[in-house]
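*Asks:* 3D, please:
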Amino acid sequence: MTENAAPGVGVAVHDTVRDRVGRVMGHEGPYLQVRPLGGGVEWDADPDHLRPLSQDELLSALVSEANARSRRTS
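*Replies:* Modelled structure (predicted):
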């Protein structure tokens, strides 16, 4: 993505460099802070390597996170 098309706060994205998904939480300098969908430590991401998730991708990622969370608490 270009800087002009950087996703806004709250947008679910895929970081193609780290192959991780998360939500944009803010920005610091040229980078965006992205937090995993299930919570956790944010990471800095280059907006050029982020792409918004489709609704199907977001639903799949949220179900995967819920399943992983249920396995940890069982």
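*Asks:* where exactly do the helices run in this structure?
*Replies:* With DSSP state H, the ranges of helices along the chain come out as 55-73.
*Asks:* ok, which stretches of it are strands?
*Replies:* 12-15, 20-28, 31-36, 43-45, 50-52 (DSSP state E).
*Asks:* other SSEs contacting the third one?
*Replies:* Yep, that's strand 31-36 we're talking about. strand 20-28, strand 43-45 (3 or more Cβ pairs under 8 Å, 6 or more residues apart in numbering; DSSP states H and E). For the C-beta atoms, the positions are set from N, CA and C on the backbone; glycine is no exception.
*Asks:* Give me the angle between the longest one and helix 55-73.
*Replies:* Between the axes of strand 20-28 and helix 55-73, defined by axes from the mean of the first three to the mean of the last three Cα atoms, to 10 degrees, the angle is 100 degrees.
*Asks:* And the contacts of strand 20-28?
*Replies:* Contacting residues not belonging to strand 20-28 are listed as 6-15, 32-37, 42-44, 50, 53, 57, 61 [Cβ atoms under 8 Å, 6 or more residues apart in numbering].
*Asks:* Report the strands that pair with it, each with its relative direction.
*Replies:* strand 12-15 (antiparallel), strand 31-36 (antiparallel) (DSSP bridges).
*Asks:* Out of those, the one nearest residue 69 is which?
*Replies:* strand 31-36 (11.3 Å; Cβ to Cβ).
*Asks:* For the closest one, what is the distance to the chain centroid?
*Replies:* Here the centre of strand 31-36 is set off from its chain's centre by 7 Å, with Cα atoms, centre = their mean, to the nearest Å.
*Asks:* what comes up buried for that strand?
*Replies:* Neighbour-count burial for strand 31-36, counted by 16 or more other Cβ atoms under 10 Å, picks out 32-34.
*Asks:* How about stretch 12-32?
*Replies:* The neighbour-count check on stretch 12-32 (16+ other Cβ under 10 Å) flags 12-15, 21-24, 32 as buried.
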